[in-house]
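Asker: Fold the following, please.
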Amino acid sequence: MNFAIRRATKADCKAVYTLVKELAVHENMLQQVTLSYEEFERDGFGQNPWFESLVAEVPEENTSKEGCIIVGLALYFYTYCTWKGRSVFLEDLYVMPEFRGCAIGKGLLSTVAKVAIEQQCVQMKFNVTDQDIRTRAFYAAKGAQVCSFMDNWHTQHLDAKNLRKLANEAP
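Answerer: Residues are numbered from 1 along each chain as shown. Reported below is the predicted structural model:
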């Protein structure tokens, strides 16, 4: 399937926010989403953004809608590890169910890795629910290691070697 990955713009905010909520539904945690759309827009697309995001879009021939539609997202921000240095934290990676299995998730993840390498990050961290075995296997196949487990969440990381390898696979 044809798809494109690009940085999200303010015009994409509504679609990105909708996908974040879809992810919360997928994880059976929608009730924990308390952030308003206005706060989300301010924090990600305002004067001093607290996060960055990428979107994956497919052309209209793959959908019932007119024009390209956003079907996936990667939302991330930068952190710092006093032992390792610059890091990126992948907060959300989500692809609509009907578009899974088309390498969109891999493309988003690889593109975040490429951005991280460009920003001189040495690792990527993310959390995965204990119940989401498929996603944990997806990350493990990319070289992710579990670094902690708490409250049914696995904190995983990609080290510098696997981050560079993944970045080289970016579309």
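
Asker: Counting by contacts, list what the strand ranked longest in the chain packs against.
Answerer: Assignment by DSSP state E gives strand 69-81 as the longest strand of the chain. Using 3 or more C-beta pairs under 8 Å, 6 or more residues apart in numbering; DSSP states H and E as the contact test, the elements touching strand 69-81 are helix 13-26, strand 52-58, strand 85-95, helix 104-118. From N, CA and C alone the C-beta is placed, and that goes for glycine too.

Asker: Dihedrals phi and psi, residue 48?
Answerer: phi -130, psi 80 (degrees, to the nearest 10).

Asker: What's the local residue count around it?
Answerer: Close neighbours of residue 48, defined as other C-beta atoms under 10 Å, add up to 6.

Asker: circling back to that earlier point, minimum distance to residue 42: which of the helices and strands packed on strand 69-81 has it?
Answerer: In terms of C-beta to C-beta, the element of the helices and strands packed on strand 69-81 nearest to residue 42 is helix 13-26, at 9.8 Å.

Asker: quick one: buried residues of that closest one?
Answerer: Within helix 13-26, the residues that count as buried by 16 or more other C-beta atoms under 10 Å are 13, 15-17, 19-24.

Asker: Put the alpha carbons of the longest strand of the chain into PDB.
Answerer: Extracted as PDB, the C-alpha positions of strand 69-81 are listed here (Å, rounded to 0.1, in the frame of the first residue of the first chain):
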ATOM      1  CA  ILE A  69      -6.200  10.800   5.000                       C
ATOM      2  CA  ILE A  70      -4.100  10.400   8.100                       C
ATOM      3  CA  VAL A  71      -4.100   6.800   9.300                       C
ATOM      4  CA  GLY A  72      -1.200   6.700  11.700                       C
ATOM      5  CA  LEU A  73       0.900   8.800  14.000                       C
ATOM      6  CA  ALA A  74       4.000   8.800  16.100                       C
ATOM      7  CA  LEU A  75       4.200  11.300  18.900                       C
ATOM      8  CA  TYR A  76       7.500  11.900  20.700                       C
ATOM      9  CA  PHE A  77       9.500  14.300  22.800                       C
ATOM     10  CA  TYR A  78      13.100  14.700  23.900                       C
ATOM     11  CA  THR A  79      14.500  13.700  27.200                       C
ATOM     12  CA  TYR A  80      18.000  13.500  28.700                       C
ATOM     13  CA  CYS A  81      19.700  10.700  30.400                       C
END
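
Asker: Sort out which residues of it are buried, please.
Answerer: Buried residues in strand 69-81, defined by neighbour count with 16+ other C-beta under 10 Å: 69-77.
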